[in-house]
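Visitor: Here is my input, please return the structure:
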Amino acid sequence: MAVPAPLLHWYDQGARVLPWRSQPTPYRVWVSEIMLQQTRVEAALPYFTRFMEALPTIESLAQAPEEQLLKLWEGLGYYSRVRNLQKAARMVLEEFDGQLPSDPLLLQKLPGIGDYSAGAIASIAYGQLVPAVDGNVLRVISRLLASFDCVSDTAVKKRLRQQVAQVIPPDRPGDFNQALMELGATVCLPNGQPLCLTCPLLSLCRGRAQGVEMSLPVKAAKKPRRKVERTVLLLWDGQQVLVRKRPAKGLLSSLWEFPGVDEVLSAEQIQENLSQRGIVPLALEAIGQHTHIFSHVEWQMTGWEVNCKSFSPPKDCTWITPHQLAGDYALPSAFRPFTQWILKKSG
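Guide: Numbering: from 1, shown residues only. Modelled structure (predicted):
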């Protein structure tokens, strides 16, 4: 693959200006790579800026209280990523004298850093001659080679990674890896028609030449998502709303949520359900429906505002003000429409 020269020329001419590229310190590159897992660059940008302002060093990340950490991550999803980020920061302090390793193999010993992230950090921050092959790069290489091998297969990923490693320019490994990722994100698009006529590798692309670019890459079929119908309750005692902490294991573990049940309840059923718990509802109002899609499950939620007499909450629940909801408590993006409803109502 005679890829590096035209690709790097294209990258030099029009690469997106991104804060972790402008200041590619190991810590900044690391945080950006974790944020960008399953998140678009545009969505991650404000989170990165806010995160760096609050936790500018590995030490500050390691020492951050969990509620602050989760609040900074609120809306990005996949909260295990930020928990692993903090675990890894603590390991770096304890085992690597506070310096993120430059060796990809050592990086992979840290929680949350796999083969791709290790390659990205090592090449971008330290200039190591290693590939960083993510979904974007797998798509680009599959189309360039007109390869119909399934990229979900571990052996295929390994082989494609080795092929990328063979063409990395020794003087610019980080730029080369970023250029491949940039090409996949902005030109060799995953959904819809790739922008082939603007691609710097058009003359080299076998997939385009054979007219099969839209059929690549080949991936294993995904399992259908399980659908769950939920009733979400916004319980008010006049000035505060009730939130509940989810279990320590499972989906959205240890995050706050609005109480609810995994079934659709009518107003009468809600009143009966609450009365059985010793809660006196004064007024109920349906506030709309919202669907949230996780990787393996889809929540179809119906929200209800319930004005009720104040009561002593169960041990996994607490009353909070709208101000606290906005500033101190991290609720997953699945509940964002209900959170926004509360904040708008409270003025």
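
Visitor: I figured residue 85 was touching residue 61, is that so?
Guide: Yes: the criterion here is C-beta atoms under 8 Å, and residue 85 meets it with residue 61 at 6.7 Å. C-beta coordinates here come from the backbone N, C-alpha and C atoms, glycine included.

Visitor: Flag the shaky bits of the stretch 1-150 of the chain, pLDDT-wise.
Guide: For the stretch 1-150 of the chain, the stretches flagged by pLDDT under 70 are 1.

Visitor: Just the helices from it, written as ranges.
Guide: Assigned by DSSP state H, counting those that start in this stretch, the stretch 1-150 of the chain shows helices spanning 4-14, 19-22, 26-35, 41-54, 58-63, 66-73, 80-95, 104-107, 115-126, 135-145.

Visitor: Residue 200: which of those helices is closest?
Guide: Among the helices of the stretch 1-150 of the chain, helix 4-14 comes nearest to residue 200, with 3.6 Å by C-beta to C-beta.

Visitor: Confirm residue 231 sits in a strand?
Guide: Yes: counting by DSSP: H, G, I helix; E, B strand; the rest coil, residue 231 is found in a strand.

Visitor: Pull the number of nearby residues for the closest residue to it other than its chain neighbours.
Guide: Of all residues not flanking residue 231 in the chain, residue 265 sits nearest, at 4.5 Å (C-beta to C-beta, 6 or more residues apart in numbering). Residues near residue 265, counting by other C-beta atoms under 10 Å, number 18.

Visitor: what does residue 144 give?
Guide: Residues near residue 144, counting by other C-beta under 10 Å, number 23.

Visitor: Looks like it contacts residue 6 (just checking).
Guide: No: with contact defined as C-beta under 8 Å, residue 144 and residue 6 do not form a contacting pair (11.8 Å).

Visitor: Name the residues contacting each of the two.
Guide: Contact criterion C-beta atoms under 8 Å, 6 or more residues apart in numbering; residues shared by residue 144 and residue 6: 201, 204.

Visitor: Run through the strands of the stretch 201-347 of the chain in chain order.
Guide: Along the stretch 201-347 of the chain, the segments classed as strands by DSSP state E, counting those that start in this stretch run 226-236, 241-245, 256-257, 260-261, 281-293, 297-308, 317-320.

Visitor: between those, which gets nearest to residue 22?
Guide: That would be strand 281-293 among those, by C-beta to C-beta, at 33.4 Å.

Visitor: name the helices or strands packed onto that closest one?
Guide: Using 3 or more C-beta pairs under 8 Å, 6 or more residues apart in numbering; DSSP states H and E, the elements in contact with strand 281-293 are helix 267-276, strand 297-308, helix 336-346.

Visitor: Is it possible to get CSV of these that adds mean neighbour count, mean pLDDT and distance to residue 290?
Guide: Below are the helices and strands packed on strand 281-293 laid out as CSV (neighbours: other C-beta atoms under 10 Å; pLDDT from 0 to 100; distance: least, C-beta to C-beta, whole Å):
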stretch, mean neighbour count, mean pLDDT, distance to residue 290
helix 267-276, 14, 94, 17
strand 297-308, 18, 97, 5
helix 336-346, 16, 91, 5
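
Visitor: Would you reformat these as a markdown table and include distance to residue 81?
Guide: Converted to a markdown table, the helices and strands packed on strand 281-293 look like this (distance: least, C-beta to C-beta, whole Å):
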| stretch | distance to residue 81 |
| --- | --- |
| helix 267-276 | 35 |
| strand 297-308 | 18 |
| helix 336-346 | 18 |
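
Visitor: Stretch 327-334: how far from the chain's middle?
Guide: 15 Å (C-alpha atoms, centre = their mean, to the nearest Å).

Visitor: contacting residues around that stretch?
Guide: Contacts for stretch 327-334 (C-beta under 8 Å, 6+ apart): 67, 70-71, 73-77, 79, 243, 252, 255-258, 292, 294, 299, 301, 320, 325, 339.

Visitor: nearest to residue 121, of the strands of the stretch 201-347 of the chain?
Guide: Per C-beta to C-beta, nearest to residue 121 of these: strand 281-293, 29.7 Å.

Visitor: how near is residue 342 to residue 306?
Guide: Applying C-beta to C-beta, to the nearest Å, one obtains 12 Å for the distance of residue 342 from residue 306.

Visitor: wait, I meant residue 23
Guide: Distance from residue 23 to residue 306, by C-beta to C-beta: 48 Å.

Visitor: How about residue 229?
Guide: Using C-beta to C-beta, residue 229 is found at 18 Å from residue 306.

Visitor: before we move on, what about residue 62?
Guide: 41 Å.

Visitor: Residue 288 now?
Guide: Residue 288 is 14 Å from residue 306, by C-beta to C-beta.

Visitor: hang on, residue 302 packs against residue 233?
Guide: No: Residue 302 is not in contact with residue 233 according to C-beta under 8 Å; the separation is 10.0 Å.

Visitor: before we move on, back to that, got the helices of the stretch 1-150 of the chain as a markdown table, with distance to residue 191 columns?
Guide: Listed next are these as a markdown table, based on distance: least, C-beta to C-beta, whole Å:
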| stretch | distance to residue 191 |
| --- | --- |
| helix 4-14 | 22 |
| helix 19-22 | 25 |
| helix 26-35 | 21 |
| helix 41-54 | 15 |
| helix 58-63 | 34 |
| helix 66-73 | 26 |
| helix 80-95 | 23 |
| helix 104-107 | 30 |
| helix 115-126 | 21 |
| helix 135-145 | 11 |
